[in-house]
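J.: Just the structure for this:
(one chain, ligands or ions: 1)
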Amino acid sequence: MEELLERLLEECRPYTTAGKAADYIPELAKKDPSALGVYVIGSEGKHSWAGDCRQPFTLQSMVKPILLLQALLDNGACAIQSKVGVEATGKPFDAINAGERTLDSRHINPMVNMGAIVMCTLIHGSSYEERFQRLMKLTGQLVGDDTITIDQAVYLSEKSHGSKNRALAYLLKSHGILEDDVEEVLDCYFRACSIQVDCRGLAHMGAVLANRGRLPDSNRRIFPAPLARYVNAILMTCGMYDGSGEFAIRVGIPAKSGVSGGIMAVVPTRMGIGIYSPALDQKGNSVAGIRLLEKLSQELYLSIF
Ligand code: DON
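T.: Numbering: from 1, shown residues only. Model prediction:
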């Protein structure tokens, strides 16, 4: 496996120059666009890796499946779907999924910003601090590291340049889909996006989802299997935003990207994959990262279709 990962990594390295690191969160633009790393954790617990797989980066949108999972654990699927739908929007991650006078919650999903912001309001806790700490605990279990922290520079950078997310949140509030204090909700969202991980952590999270809620090393269950099916299904249809259909054809596995350049991928029953390469395409997905996943999928017959 290691040899294969090394070879594919070298084949994909040229694609790191075909994209651009995100700069609408200024701190993300400081990342080295030539970085490329991959980490795989098999369901039986075997670890394999290549490249810059231990470089730290922030979860960004890859926290969205964790927000969804925590909201599902706290409320169940019915309560969530009364607030946020499950259909693909076919639009960019930060799109205004609303008409002039209408905002139908069925037209957003938990993988786009509007849906993820609502997920923050569904996490149980007597304060936003408590909600966030519960989210951190679940994140620690998913990424296999209970010492995870927030990248303060990225958090402050996003918070001070978050006008679009503020607009989306106030729009949700004006339509009665979000009831809490917008700044408090967004602070939770921005902090969640700024949790620092590496490819190993993403691979671990992918492996837990692949094992339908069981940890890859101990087999201990951390959430019920039906929730893994729920999250994996939404990752498949919405995880790569308006690139999800093409990704399903080229790679064919549930995955979630983030504007930091990470991709967390799930091969049900077989493995979790973590990728990092900060140069993004127009849709906010890692160019070399998708290429690497495509090649890996072809070599190992990973597509579920
Ligand atoms: O809210 C934002 O814009 C970012 N914190 C996360 C967006 C993101 O990662 C989109 N992914 N490709």
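J.: now whichever strand or helix holds D187: mean pLDDT?
T.: Using DSSP states H and E, D187 sits in helix 182-193. The average pLDDT for helix 182-193 rounds to 98.
J.: right, is the next helix or strand after it up against the ligand?
T.: Using DSSP H and E, the helix or strand that directly follows helix 182-193 along the chain is strand 196-197. No. If you take C-beta under 6 Å from any ligand atom as the test, strand 196-197 misses the ligand, and the best it gets is 12.9 Å. Just so you know, the C-beta spots here come from the backbone N, C-alpha and C atoms, and that holds for glycine as well.
J.: partners of strand 196-197, with directions?
T.: strand 57-58 (antiparallel) (DSSP bridges).
J.: could I have the helix or strand just after the partner strand exported to CSV, CA atoms only?
T.: Downstream of strand 57-58, the next assigned helix or strand under DSSP H and E is helix 64-75. Output of helix 64-75 as CSV, limited to C-alpha atoms (Å, rounded to 0.1, in the frame of the first residue of the first chain):
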residue,chain,number,x,y,z
LYS,A,64,-20.0,19.7,8.8
PRO,A,65,-20.5,15.9,9.0
ILE,A,66,-19.5,16.1,12.7
LEU,A,67,-22.0,18.9,13.3
LEU,A,68,-24.6,16.8,11.6
LEU,A,69,-23.7,13.7,13.6
GLN,A,70,-23.8,15.6,16.9
ALA,A,71,-27.2,17.1,15.9
LEU,A,72,-28.5,13.6,15.0
LEU,A,73,-27.3,12.1,18.3
ASP,A,74,-29.0,14.9,20.2
ASN,A,75,-32.3,15.2,18.3
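J.: From the contact counts, what lies against helix 64-75?
T.: Counting by 3 or more C-beta pairs under 8 Å, 6 or more residues apart in numbering; DSSP states H and E, the packing neighbours recorded for helix 64-75 are helix 77-81, helix 113-122, helix 128-143, helix 199-210, helix 225-238.
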